[in-house]
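A.B. asks: Got a sequence here, can you model it:
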Amino acid sequence: MSGYLRRLATTGAAYTAASILSKLIAVALLPLYTRYLTPADYGAAEVLFAAVVAASIVIRLGVIEAVLRFYYKAGEAPGQVVATSFAALFWASTVAALIALPFAEPISEALLDEPAPDLTRIAIGGLWVLTLHEYLLTLFRLEERARAFFTVTIANVLVAIGLTVVLVVGEDVGARGLLLGSYVSGGLFVLGLIVVHRRRLSLLVDRALLRRMLRFGLPTMPAELSLYLLNFVDRIIIVRSVGLAEAGLYSLAVKFAQAVNVLVRGFQLAWPPLAYSIRDDEEARRAYALIVTWFVAGCAFVVAGMWLFARWIARALAAPEFFQSYEAVGLISAAVTLYALYMVLVVILGRTGRTEFNFPATIAALAVNVVLNLILVPPLGIVGAGLALVASYVVVVALMYGFTQRLFPVPYEWARLLRVLLTASALVAFGELLLPTEGFAGLILRTIVWLAYPAALLFSGFFSPEERRWLSRLRDPADLFAELRKLRARPAAVDGEVPAANEAELFDEDTRL
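C.D. replies: As a prediction, this is how the structure comes out:
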């Protein structure tokens, strides 16, 4: 079991490190951006970014999700899976962008409640870029080439941020600068990745293979789309109910919640290859339960910190007119963690092949989200949107749990999960109700409460005897490091892992990149 945890930790750490560095750089630039952009400009750019992601989900037709399964599936040729899936996505994204371009102005009026065809044309180009960029990075994930994934991601972020600063600060082009900075740099990296992977790619489709992949992946598309719309419909309702400026505040709150999102992103990227590679069902059930417990425990710690420090984050990282964004930070952070739990359940359904159950759960959550946003946003603004988002994710997780437990029961550690929830909730409630909301004293007191989380978990009985023995080794760092060196030196191969010969081949590929 430790082999799976080490694999998830190794690949997840690389994915998470890439997300952490990119998000830290982006967040560090928020004080700059928010002084050169109005909340309305920021809101317009973020609505279009979200629209591009939603459209990309549609034109992908579940192909990327199918690649993650078919690449490991017995009886399928991995090379042909890669070649066919790339051809399908290349043509789908190209045709979709060409169809959308003539309708840039009506699309902008529908999304932004005002004409902005120039912004929309940039976003349409971004649709082609985002779809292929996501796919080409997936090729690194398939082979767990975490080093290559990290290098490409960070390089892309640095180029995008440099270009964005030039456009937003130097050229003062407003929302266009945010969109161009992201998609022009992304387009350059798409072309570079095509060159890197050129021997594996093709523009010809194996129709029989594509039909098999679509039978698996296509049912996931409506579910993925309806789930993502939870993070998109609320912005449209905010725009039309309380204006683009409020949408800008809400989008900034989403940016502040990135501390949780980087954990979720790393987990989301590392989880499917690991989960699908565990061949034995009983071993998979035990591994899934343990991983979920520890992942939730880690996320709860970060969510508690985001809730307690939201005011200080907003003051430090944004211009004064953006300060009210802090109100939604804690709620959005909690929603991101619920989304991660949904991803666990999606992969379990993928293991059973019953992906058609995704859609009923996500469409129910979307309906709840729309209704609650219409009710809560007019009186509560971005807080109402945050409440609606959390409630929607609770619905989708509850329904998916019911479906997966019928098809592939997992013995989740409910007692330990409940201890995590109660501990984090108690610390947040104590801080929000009893501690100062500004000043250095408030910051120090809230930090003490937040850092009490591990000790509170210990006293709650969360840790197992084996985990307590590991914790006791912290008193002797030399002994702990010696044990970690032994684990690192131990071969990580377990049932379902990449054979040693392939690992050597992948290392050679990494060095050439």
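A.B. asks: List the buried residues for stretch 200-213?
C.D. replies: Buried residues in stretch 200-213, counted by 16 or more other CB atoms under 10 Å: 201-202, 205-206, 209-210, 212-213. Where you see a C-beta, it was placed from the backbone N, CA and C, and this is true even at glycine.
A.B. asks: same thing with stretch 138-158?
C.D. replies: Under the neighbour-count criterion of 16+ other CB under 10 Å, stretch 138-158 has 138-146, 148-154, 156-157 buried.
A.B. asks: Show me those that map onto helices.
C.D. replies: 138-142, 146, 148-154, 156-157 (DSSP state H).
A.B. asks: shaky segments in the stretch 301-450 of the chain?
C.D. replies: By pLDDT under 70, the weakly predicted segments of the stretch 301-450 of the chain are 355.
A.B. asks: now swap in the stretch 1-150 of the chain and tell me
C.D. replies: 1-24, 26, 144.
A.B. asks: what does the stretch 151-300 of the chain give?
C.D. replies: 223, 265, 269.
A.B. asks: For it, just list every one of the helices.
C.D. replies: According to DSSP state H, counting those that start in this stretch, the stretch 151-300 of the chain carries its helices in the segments 175-196, 207-217, 220-228, 233-242, 244-256, 258-277, 281-317.
A.B. asks: Tell me which residues are up against the fifth one.
C.D. replies: Contacts with helix 244-256, where a contact means CB atoms under 8 Å, 6 or more residues apart in numbering, come from 26-27, 30, 34, 38-44, 46-47, 112-113, 231, 234-235, 238-239, 306, 310, 313-314, 317-318, 322, 324-329, 332, 381-382, 385-386.
A.B. asks: Between helix 233-242 and that helix, find me the angle.
C.D. replies: Put simply, helix 244-256 runs at 150 degrees to helix 233-242, going by axes from the mean of the first three to the mean of the last three CA atoms, to 10 degrees.
A.B. asks: show me the residues around the residue lying closest to Leu142 once chain neighbours are set aside that make contact.
C.D. replies: Setting aside the residues directly before and after it, Leu142 is nearest to Tyr71 in space (CB to CB, 6 or more residues apart in numbering), at 5.0 Å. Taking CB under 8 Å, 6+ apart, we find Tyr71 in contact with 78, 81-82, 142.
A.B. asks: Now Tyr71: phi and psi?
C.D. replies: Phi and psi for Tyr71, reported as degrees, to the nearest 10, are phi -60, psi -30.
A.B. asks: ok, it to Val346 distance?
C.D. replies: 17 Å (CB to CB, to the nearest Å).
A.B. asks: Between which two of the ones in helices among the buried residues of stretch 138-158 is the distance greatest?
C.D. replies: The span of these, defined through CB to CB, is set by Leu142 and Val157 at 21.9 Å.
A.B. asks: who's in contact with Gly384?
C.D. replies: 372-373, 375-378.
A.B. asks: Over to Leu167?
C.D. replies: Going by CB under 8 Å, 6+ apart, Leu167 touches 173, 176-178, 180-181.
A.B. asks: run the last query once more with 6 Å
C.D. replies: Contacts for Leu167 were tallied using CB atoms under 6 Å, 6 or more residues apart in numbering; they are 173, 177, 180-181.
A.B. asks: Between those, identify the one with the most neighbours.
C.D. replies: Gly177 (24 neighbours; other CB atoms under 10 Å).
A.B. asks: Distance of the closest residue to that residue other than its chain neighbours relative to Ala340?
C.D. replies: The shortest distance from Gly177 to any non-neighbouring residue, by CB to CB, 6+ apart, is to Leu167 (3.2 Å). Distance from Leu167 to Ala340, counting by CB to CB: 33 Å.
A.B. asks: Same question for Glu46.
C.D. replies: Plainly put, Glu46 is 22 Å away from Ala340 if you go by CB to CB.
A.B. asks: can you check Pro115 too?
C.D. replies: To Ala340, Pro115 is 38 Å away according to CB to CB.
A.B. asks: Quick check on those two: which one has the bigger neighbour count.
C.D. replies: A count of neighbours by other CB under 10 Å puts Ala340 above the other of Pro115 and Ala340, at 22 against 13.
A.B. asks: and the closest residue to Tyr135 other than its chain neighbours, what element?
C.D. replies: Nearest non-adjacent residue to Tyr135, counting by CB to CB, 6+ apart: Leu89, 5.2 Å away. Leu89 belongs to helix 78-100 when assigned by DSSP states H and E.
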